[in-house]
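# I'd like to go over a predicted model; first the sequence, then the structure.
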Amino acid sequence: MVNRMILNETSYIGAGAIENIVTEAKIRGYKKALVVTDKDLIKFNVATRVTELLKNNNLEFEIFDEVKANPTINVVLKGIEKFKEAKADYIIAIGGGSSIDTAKAIGIIINNPEYSDVRSLEGAVETKNKCVDIIAVPTTAGTAAEVTINYVITDEEKKRKFVCVDPHDIPIIAVVDSEMMSSMPKGLTAATGMDALTHAIEGYITKGAWELTDALHLKAIEIISRSLRSAVNNESKGREDMALGQYVAGMGFSNVGLGIVHGMAHPLGAFYDTPHGIANAVILPYVMEYNAEATGEKYREIARAMGVTGVDNMSQEEYRKAAIDAVKKLSEDVGIPKTLREIGVKEEDLKVLAESAMADACTPGNPRDTSIEEILEIYKSIY
């Protein structure tokens, strides 16, 4: 069997890494950037840390700041027009997964105009050309969009999110600078951190997992588990470790897929605009319970990576429970809600949410084969 690994061409990881944007832009001969970000990151002088670097080094750019959480088809279309109007030749995406996902869709369609209907990018699409060069600068430690071949767009008209998987969409450069994440409020730090943990755990147990990605995911679980509480308290070491941990998780799951935690979380974002990390965090321990019987000895290693002691002396039932309990405790410690009701989900929507989750691109990777009826029962148990 042949396994595929696709990663960035170049990544810079560590405090102060944004300084390398200038060097890369000059070496590569870029003429003008479209900076893809959101209004809050401009308002609170996060994105401006990068734009000031560009100004001070006489690098031309224009700003597209209409990105919003759970980016929509309409936002992508506006970004495409802005790129053309600006006569840009590369993109600098600054923000969380929403900014980077928007940049990916813009970059793909610019170089593959036959996919101008954004919906046509859903699933595993074989575009002909690499996207416009993207320098991705994450401001959250969670999605790892800077190193993945996935992006997610919301179809507001149909109230659904769709996952796009394309090796041509990966940013050419990732700049993972923990100082760009220092202004994240506690709630966002917790949510994005639990998103990263979900990536690592789902990537570790997904059907496509193999030895190299297992090593990445276990290391990511270890880093995230020891660092998230500290990062939520805005301690610099915790921030820096979380920036690394989420990136390592992205290296893995991008290449093997996820499961029904993400399949069930995506509809919550489409229906209620629920922050993706919150949705994942609420669902994760329940799906872990559901999947336990299909994971062999892997929960023992999850428990070990999360700092549980004595796992080698535990029975299978005990170490599986220990892994799930460790996830629940971390989630509780960083202030994540416990039920779907708490995050605004309506009971009457559970059936259609289950149908949407079953159709999600992440669902086939789940280690345990599932059905609409079983997903509905999981939703009900979380409600």
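Perfect, I can see it now.
# Distance of Asn45 relative to Ala88?
Distance, Asn45 to Ala88, using Cβ to Cβ, to the nearest Å: 23 Å. All C-beta spots, glycine's among them, are computed from the backbone N, C-alpha and C.
# what about those two, which has more around it?
Ala88 (23 against 11; other Cβ atoms under 10 Å).
# Help me confirm that the more buried one comes into contact with Ala25.
No - contact criterion Cβ atoms under 8 Å: Ala88 and Ala25 do not qualify, at 11.9 Å.
# any residues in contact with both of those two?
Counting by Cβ atoms under 8 Å, 6 or more residues apart in numbering, the common neighbours of Ala88 and Ala25 are Ala33.
# Start and end of stretch 53-67, how far apart?
22 Å (Cα to Cα, to the nearest Å).
# and what of stretch 166-181?
OK, stretch 166-181 end separation, Cα to Cα: 27 Å.
# go on, stretch 265-279?
5 Å.
# And that stretch, how far out from the chain middle?
Relative to its parent chain, stretch 265-279 has a centroid offset of 13 Å by Cα atoms, centre = their mean, to the nearest Å.
# shift numbering so it begins at 58
Yep, numbering from 58; the last one is stretch 322-336 now.
# Can you list the buried residues in that stretch?
322-329, 331-336 (16 or more other Cβ atoms under 10 Å).
# Stretch 201-217 too?
201-212, 217.
# burial of Leu116, as a residue count?
18.
# isn't it right up against Thr80?
No - counting by Cβ under 8 Å, Leu116 stays clear of Thr80, with 10.9 Å between them.
# quick one: the helices in the stretch 108-257 of the chain?
130-143, 154-168, 243-262 (DSSP state H, counting those that start in this stretch).
# Show the contacting residues for Thr352.
Ile262, Arg377, Pro424.
# How much space separates the second one from Lys161?
Between Arg377 and Lys161 the distance, using Cβ to Cβ, works out to 36 Å.
# which of the two has more neighbours?
Lys161 (34 against 23).
# residues in contact with that one?
Contacts of Lys161 by Cβ under 8 Å, 6+ apart are Ala150, Cys188, Ile191, Ala202, Tyr208, Cys221, Asp226, Pro228.
# Now the residue nearest to the spatial centre of the chain: phi and psi?
Nearest residue to the geometric centre of the chain (Cα atoms, centre = their mean): Thr200, 2.1 Å. For Thr200, the backbone dihedrals (degrees, to the nearest 10) come out as phi -70, psi -30.
# can you check Tyr436 too?
phi -50, psi -50.
# That one and Val409 touch, don't they?
No - the criterion here is Cβ under 8 Å, and Tyr436 misses it with Val409 at 10.5 Å.
# Can you pick out the residue with more neighbours from the two?
In this comparison of Tyr436 against Val409, neighbours counted by other Cβ under 10 Å, the higher total goes to Tyr436 at 23 against 14.
# What number of residues are in the vicinity of the spatially closest residue to that one that is not a sequence neighbour?
Using Cβ to Cβ, 6 or more residues apart in numbering and skipping residues adjacent in sequence, the residue nearest Tyr436 is Leu407, 4.7 Å away. For Leu407, the neighbour count with other Cβ under 10 Å is 19.
# Helix or strand: which one has Leu407?
In the assignment (DSSP states H and E), Leu407 maps to helix 407-416.
# what sits against Pro170?
Per Cβ under 8 Å, 6+ apart, neighbours of Pro170: none.
# gap between it and Cys188?
Taken as Cβ to Cβ, the span from Pro170 to Cys188 is 12 Å.
# List the residues that are in contact with both of the two.
Common neighbours of Pro170 and Cys188, using Cβ under 8 Å, 6+ apart, do not exist here.
# follow-up on the earlier one: please identify the nearest residue in space to the residue nearest to the centre of the chain, excluding sequence neighbours.
Gly154 (3.2 Å).
# Over to Ala418?
With sequence-adjacent residues excluded and distances taken as Cβ to Cβ, 6+ apart, Ala418 is closest to Val220, at 3.9 Å.
# same deal with Asn168?
Asn186 (4.3 Å).
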